[in-house]
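Trainee: Quick one: sequence plus predicted model below, questions after.
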Amino acid sequence: MNLFTVDPDKCNQDRICVDECPIKIIELKDKESVPVPVPGAETLCINCGHCVAVCPTGALSHKNMTPNQCPPVNKEWLLDADRAEHFLRSRRSIRTYKKKAVDRDTLSKLIKIASYAPSGHNRQPVSWHVVYDSDELHRLIGMVADWMRFMIKEQPEMAQQMHMELVVSAWDEGVDVICREAPHVILAHGFQADMTAQTACTIAMTYLELAAPSLGLGTCWGGFFNAAAMFWPPLQKALGLAEGHVCYGVMMVGYAKYKYHRLPLRNEPRVTWV
């Protein structure tokens with residue numbers, strides 16, 4: 001099959017696919033023809049699906065996706081500015097969780113939604129690692145505490161800035177302020193040599209965080225766990241990520257114990273114009 005095909009009965013030669021292709025590998029030679037790939041297009045195509053998604057008549061079918069495989073945009077579900085602002089402002093970092101596991105299907109659905117996040121050149125370099133078992137999570141958090149003990153000894157100034165002594169002291173007393181007793185954590189990781197991986201993981205984790213409330217879930221970024229996963233060899237070995245991969249984001253996940261009822265204030269944005 002060619003890179004893409006165009007149904008001449010549906011195509012209205014509007015050039016939208018030509019204009020919207022991010023790699024500029026579609027051309028329309030004249031008003032009597034249909035769009036065609038430029039020479040070498042198969043090698044250059046990043047499989048983003050823009051051409052299929054933007055065609056108003058559904059005339060264009062990419063070899064990896066057809067219009068029938070791509071759900072239509074539901075205009076009734078689109079947010080206006082007020083609802084978008086409310087949605088984003090109502091997001092909260094959850095630090096108190098119910099003692100209840102989340103079923104794997106729900107977590108899988110959450111990760112699937114997050115996988116639609118944009119990535120550089122549509123490389124989609126994000127891999128996911130779920131620490132589901134609570135006993136295993138407790139063991140790994142203990143390794144995070146060990147990393148903090150190392151930091152307190154070897155890099156005391158940084159440890160002090162991050163209040164690590166307080167965190168370790170709490171852990172030793174049976175209080176988890178590292179992962180807040182969340183039942184699960186989700187890691188986003190990618191190949192260290194891929195220059196797009198870190199940013200892609202951060203964006204994907206943001207998608208995951210924003211999608212979580214729609215599934216009844218609460219989340220919080222696991223900064224301590226993420227730092228230890230990046231720099232503490234015992235934890236890296238225990239996680240067993242793919243060779244050459246680095247953890248670029250950790251999210252606590254569970255059912256929030258409490259509900260929030262108001263939208264708190266934030267500082268005014270600092271903006272410069274040129």
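Mentor: Cool, got the structure.

Trainee: Determine the set of other helices and strands touching the longest helix seen in the chain.
Mentor: For the chain, the helix with the greatest residue count under DSSP state H is helix 134-154. The contact analysis (3 or more C-beta pairs under 8 Å, 6 or more residues apart in numbering; DSSP states H and E) places helix 134-154 against helix 156-161, helix 164-172, strand 184-191, helix 223-231, helix 233-239. (Each C-beta comes from the backbone N, C-alpha and C, glycine too.)

Trainee: Please, where are all the strands along this structure?
Mentor: Ranges of strands within the chain are 4-6, 26-27, 36-37, 60-62, 127-131, 184-191, 218-221, 245-254, based on DSSP state E.

Trainee: other SSEs contacting the longest one?
Mentor: Using 3+ C-beta pairs under 8 Å, 6+ apart as the contact criterion, the elements in contact with strand 245-254 are strand 184-191, helix 197-211, strand 218-221, helix 223-231.

Trainee: Which one, of the strands of the chain, ends up nearest to Ala197?
Mentor: Closest of these to Ala197 is strand 184-191, at 2.9 Å (criterion: C-beta to C-beta).

Trainee: tell me the mean pLDDT for that closest one?
Mentor: Strand 184-191 shows a mean pLDDT of 98.

Trainee: export it as PDB, just CAs?
Mentor: Written as PDB, here are the backbone C-alpha positions of strand 184-191 (Å, rounded to 0.1, in the frame of the first residue of the first chain):
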ATOM      1  CA  HIS A 184       0.300   2.700  43.600                       C
ATOM      2  CA  VAL A 185       2.900   4.700  41.700                       C
ATOM      3  CA  ILE A 186       3.300   5.000  38.000                       C
ATOM      4  CA  LEU A 187       6.700   5.700  36.400                       C
ATOM      5  CA  ALA A 188       7.300   7.200  33.000                       C
ATOM      6  CA  HIS A 189      10.700   6.300  31.600                       C
ATOM      7  CA  GLY A 190      12.500   6.500  28.300                       C
ATOM      8  CA  PHE A 191      15.800   5.800  26.600                       C
END
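
Trainee: got the angle for it vs helix 223-231?
Mentor: Angular relation of strand 184-191 and helix 223-231 on a 0 to 180 degree scale: 30 degrees, by axes from the mean of the first three to the mean of the last three C-alpha atoms, to 10 degrees.

Trainee: Could you give me the buried positions within strand 184-191?
Mentor: Within strand 184-191, the residues scored as buried using 16 or more other C-beta atoms under 10 Å are 184-191.

Trainee: cool, and stretch 35-45?
Mentor: 35-37, 41, 45.

Trainee: ok, so of those residues, who is nearest Val73?
Mentor: Pro35 (21.3 Å).

Trainee: got the phi/psi numbers for the most far-flung residue of the chain relative to its centre?
Mentor: Most distant residue from the mean C-alpha position of the chain: Glu32, 43.1 Å away (C-alpha atoms, centre = their mean). The phi/psi pair for Glu32 (degrees, to the nearest 10) reads phi -100, psi 0.
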